[in-house]
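[1] sequence first, then the predicted structure:
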Amino acid sequence: MKKIVFLAMLLCLSLAASVFAEPAQPKNVAVDVLVVDTQELIANDPTITIPTPTAANYNAGYTDVVTGQLVVRSNVRWVLSVKTESWGSPSGVNKALTDWQWKRQMQDQFTECSTADVKVVDGLPTSGTNVNINYRMKLDWENDAPGSYYLVQYYTLTKDS
């Protein structure tokens, strides 16, 4: 019994010592993170189909397409540019690249496609800016024969320097 009482006293003393002991000194911990230029460009519709031209389109001299949408995300000022990678037409038809055009939605005039980068728009850091693009193909009764025509646009998002 003396041993049990002695052990109980030791336990009480050790608990009392830990209660009255000085608290541990706080320690500083340095946490570093490197944030780099980060950008994301999303094409909501990677394939856009211009509707089949009608006689009214040929008479107007062009056919338009429903808007294609791009989404820009960037933690720095940015520039969105576009260039044409390739285009084609049916055999025997020499469709000029300048017959293909684009514009940002809400702009008045179309811009002819080019194999060089052309600025579409620029902006401030953003968690999601929509850039809507309209496409147009000029038509000519005498030179645009039936068949499949195509255009490949290449959009580039870069840091505005």
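    Thanks, I have the structure now. Predicted model only: the values in this text are computed from it and were never measured.
[2] please list all residues in contact with the residue nearest the centre of the chain.
    The central residue of the chain, meaning the one whose C-alpha is nearest the mean C-alpha position (C-alpha atoms, centre = their mean), is Leu41 at 1.5 Å. Under the criterion of C-beta atoms under 8 Å, 6 or more residues apart in numbering, the neighbours of Leu41 are 70-73, 80, 155-157. Where you see a C-beta, it was placed from the backbone N, CA and C, and this is true even at glycine.
[3] quick one: buried ones out of these?
    Among those, those classed as buried by 16 or more other C-beta atoms under 10 Å are 70, 72-73, 80, 155, 157.
[4] pLDDT weak spots in the protein?
    1-21, 66 (pLDDT under 70).
[5] just the ones in strands from the contacts of Leu41, please.
    Of the positions in the contacts of Leu41, 70-73, 80, 155-157 sit in strands, assigned by DSSP state E.
[6] between those, which is closest to Val93?
    Tyr155 (26.5 Å; C-beta to C-beta).
[7] before we move on, back to that, need the contacts of Leu41 in JSON lines with distance to Asp140, can you?
    Supplementary listing: the contacts of Leu41 in JSON lines, determined by distance: C-beta to C-beta, whole Å:
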{"residue": "Leu70", "distance to Asp140": "30"}
{"residue": "Val71", "distance to Asp140": "35"}
{"residue": "Val72", "distance to Asp140": "35"}
{"residue": "Arg73", "distance to Asp140": "40"}
{"residue": "Leu80", "distance to Asp140": "31"}
{"residue": "Tyr155", "distance to Asp140": "28"}
{"residue": "Thr156", "distance to Asp140": "31"}
{"residue": "Leu157", "distance to Asp140": "34"}
